[in-house]
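*Asks:* I'd like to go over a predicted model; first the sequence, then the structure.
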Amino acid sequence: KDDRGIVIQMINEKMEPKVCKGILYGDPDPLNSSYHISYNMLLNMMRVEDVDPEFLIKASFHQYQQESEAPAFDNQALEFEQEAAKIQVEGGEATGQYYGLIKQLELA
């Protein structure tokens, strides 16, 4: 994450101070990549000798965004697994027996 950057702001009309403060000191808009590498693009790149398609995939901004979100998804999956482990099903043995009987009837 970049904490600093250079911004050149060119304003050619009058602006309210509140709006200007919002632009200068407000939160930045998220930057989401809309460039997606298609299967066709990779096939065309494989035809060129000096181009490495794997490098293109690894260097793409979309791939970077997906990899940066992965730890959050892993944590969320762990939380869901812990919640699922806490769930107690009443009458679980009876349900298992019923399922076994249904399977026996299907095989017969």
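*Replies:* Received it, and whenever you're ready, just let me know what you need. Numbering: from 1, shown residues only.

*Asks:* right, and the helix or strand after the helix-or-strand element of the chain with minimal mean pLDDT?
*Replies:* Lowest mean confidence among the helices and strands of the chain (mean pLDDT, DSSP states H and E): helix 53-59, at a mean of 73. Under the assignment DSSP states H and E, the closest C-terminal helix or strand after helix 53-59 is helix 61-86.

*Asks:* heading toward the C-terminus, what's the first helix or strand past that following helix?
*Replies:* Once the chain leaves helix 61-86, the next helix or strand it forms, by DSSP H and E, is helix 92-107.

*Asks:* State the distance from I57 to R47.
*Replies:* In this structure, I57 lies at 16 Å from R47, with CB to CB, to the nearest Å as the measure. C-beta here means a position set from N, CA and C on the backbone, and glycine is covered the same way.

*Asks:* just S60 next, same as before
*Replies:* 19 Å.

*Asks:* again with E67
*Replies:* Between E67 and R47 the computed distance is 27 Å (CB to CB).

*Asks:* Which of these two has more residues huddled nearby?
*Replies:* A direct count of neighbours by other CB atoms under 10 Å for E67 and R47 places E67 higher, at 10 against 7.

*Asks:* and P28, how far is that from A84?
*Replies:* From P28 over to A84 the distance is 37 Å, taken as CB to CB.

*Asks:* Show the pLDDT at the residue nearest the centre of the chain.
*Replies:* Among the residues of the chain, the one closest to the centroid is Q66, at 4.6 Å (CA atoms, centre = their mean). At Q66 the predicted local confidence, pLDDT, stands at 75.

*Asks:* Equivalent analysis for E81, please.
*Replies:* Here the pLDDT value assigned to E81 is 93.

*Asks:* any idea how far it is from E16?
*Replies:* Using CB to CB, we find E81 at a distance of 51 Å from E16.
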